[in-house]
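Enquirer: sequence and predicted structure below; questions after.
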Amino acid sequence: MALTPALHFPIDFERREDARRFCRAIGDADKALAYLFRMWVDWATTGVDYRELRDLPARAEGELPEATMIVWNECELTFIIEDFCGWTGKPGELLGNALAAGVLRLERRGMDGFGTEGLVLNNFWQFNSHLSPHHKTMQQKGAIARNARRTAKEIEVEAAHQVDVIKGRGKQFALPLDVQATPDETKKAVALIMMIDRACGKPLRKSSEYTQNEQLMINALNVVRGVPREDIEKVYEYVIANRDNPRLGKIPGRIIEHFGEHLGKAKEPVAA
């Protein structure tokens with residue numbers, strides 16, 4: 001019989017600043033800690049770190065409201081969480097206190113920051129990423145890293161060949177006239193595009209995409225000029241490890257455009 005996954009708590013669970021602020025807001029430390037414990041259990045049962053608020057009023061792209069602007073007693077997720085915690089006070093008051101204390105925080109997630117708004121439970125995921133359906137064991141991560149290093153070298157050879165083919169046909173790469181790229185930079189930019197395509201499970205591009213898609217080439221060139229090779233490989237490994245995760249958004253061009261965002265996630269102790 002399969003074992004039920006364990007829920008992990010930090011050793012200073014009761015002494016953390018957010019927990020202390022929450023206890024003061026509730027006015028009863030024992031009850032507050034019980035609510036906080038149940039909140040962690042509730043998050044664990046969902047198997048995610050981020051819980052989307054589906055019933056907020058429409059907002060302009062990029063506009064993230066202050067938590068105090070949201071009428072929490074009108075959100076379905078409020079009732080789900082507060083019911084699980086055994087809250088008997090005014091609807092929305094428990095979540096309001098949790099947000100004010102820093103136990104919960106409001107985030108917008110999605111490419112370019114124009115995604116959906118939702119709640120994150122402070123530090124929960126750092127201790128409980130193993131509850132994710134997309135969790136990789138250390139052995140699996142090691143295998144992904146080894147395979148990524150091997151295929152990265154193969155892709156560099158393929159990129160050099162692609163560059164030779166395009167130049168042999170007398171074509172120019174899609175870069176503005178005022179952008180002077182060295183042959184080595186061009187090869188690295190093409191290799192980066194190929195790496196992210198492969199990491200996303202996409203087929204090889206036609207040569208015309210390198211000679212016609214100016215924005216793609218510019219973004220790739222900016223990455224290889226500003227990001228060390230080892231960090232590029234980190235993102236390559238990260239995308240491979242997370243390509244089954246619907247949150248990733250497997251659009252190679254956008255991953256390259258927002259490379260720094262994905263590098264930050266790849267460098268996190270727990271990449272999700």
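Expert: Now that the structure is in, tell me what you want to look at. Residues are numbered from 1 along each chain as shown.
Enquirer: helices of the stretch 151-272 of the chain, start to end?
Expert: Using DSSP state H, counting those that start in this stretch, the helices found in the stretch 151-272 of the chain span residues 183-199, 207-212, 214-226, 229-242, 252-257, 259-267.
Enquirer: out of those, the one nearest G168 is which?
Expert: Of all the helices of the stretch 151-272 of the chain, helix 207-212 sits nearest to G168, with 10.3 Å by C-beta to C-beta. Placement of C-beta: from N, CA and C, glycine included.
Enquirer: who are the packing partners of that closest one?
Expert: Using 3 or more C-beta pairs under 8 Å, 6 or more residues apart in numbering; DSSP states H and E, the elements in contact with helix 207-212 are helix 138-168.
Enquirer: and the helix it packs on, average pLDDT?
Expert: For helix 138-168, mean pLDDT rounds to 77.
Enquirer: how about stretch 218-235?
Expert: For stretch 218-235, mean pLDDT rounds to 92.
Enquirer: quick one: terminal-to-terminal distance for it?
Expert: Length of stretch 218-235, first residue to last, C-alpha to C-alpha, to the nearest Å: 18 Å.
Enquirer: so which bits of that stretch are buried?
Expert: For stretch 218-235, the neighbour count (16 or more other C-beta atoms under 10 Å) marks 218-224, 227, 231-235 as buried.
Enquirer: helix or strand for P91, just tell me which one.
Expert: Assigned by DSSP states H and E, P91 falls within no helix or strand.
Enquirer: out of the buried residues of stretch 218-235, which is nearest to R20?
Expert: Looking across the buried residues of stretch 218-235 and measuring by C-beta to C-beta, the closest to R20 is K234, at 36.1 Å.
Enquirer: so E214 sits right up against L177, yeah?
Expert: No. Counting by C-beta atoms under 8 Å, E214 stays clear of L177, with 11.0 Å between them.
Enquirer: okay, those two: which has more neighbours?
Expert: A direct count of neighbours by other C-beta atoms under 10 Å for E214 and L177 places E214 higher, at 13 against 6.
Enquirer: how much space between the more buried one and L53?
Expert: Computed with C-beta to C-beta, to the nearest Å, the distance linking E214 and L53 is 38 Å.
Enquirer: and L99, by the same measure?
Expert: The separation that L99 has from L53, given C-beta to C-beta, amounts to 12 Å.
Enquirer: more neighbours, these two?
Expert: A direct count of neighbours by other C-beta under 10 Å for L99 and L53 places L99 higher, at 19 against 16.
Enquirer: if we can go back for a sec, kindly indicate which of the buried residues of stretch 218-235 lies nearest E257.
Expert: Among these, N219 lies closest to E257 (C-beta to C-beta), at 4.8 Å.
Enquirer: which residues touch the closest one?
Expert: The contact partners of N219, taken as C-beta atoms under 8 Å, 6 or more residues apart in numbering, are G253, I256, E257, F259.
Enquirer: nearest to F37, of those?
Expert: Distances from F37 to the contacts of N219, taken by C-beta to C-beta, are shortest for F259, at 39.1 Å.
Enquirer: any idea whether R51 is helix, strand or coil?
Expert: strand (DSSP: H, G, I helix; E, B strand; the rest coil).
Enquirer: surely it touches C75?
Expert: No. With contact defined as C-beta under 8 Å, R51 does not count as touching C75 (10.6 Å).
Enquirer: and P5, what element?
Expert: Using DSSP H and E, no element contains P5; it sits outside every helix and strand.
Enquirer: count of neighbours near it?
Expert: Using other C-beta under 10 Å, P5 is surrounded by 12 other residues.
Enquirer: what's the neighbour count on H262?
Expert: H262 is flanked by 22 other residues according to other C-beta under 10 Å.
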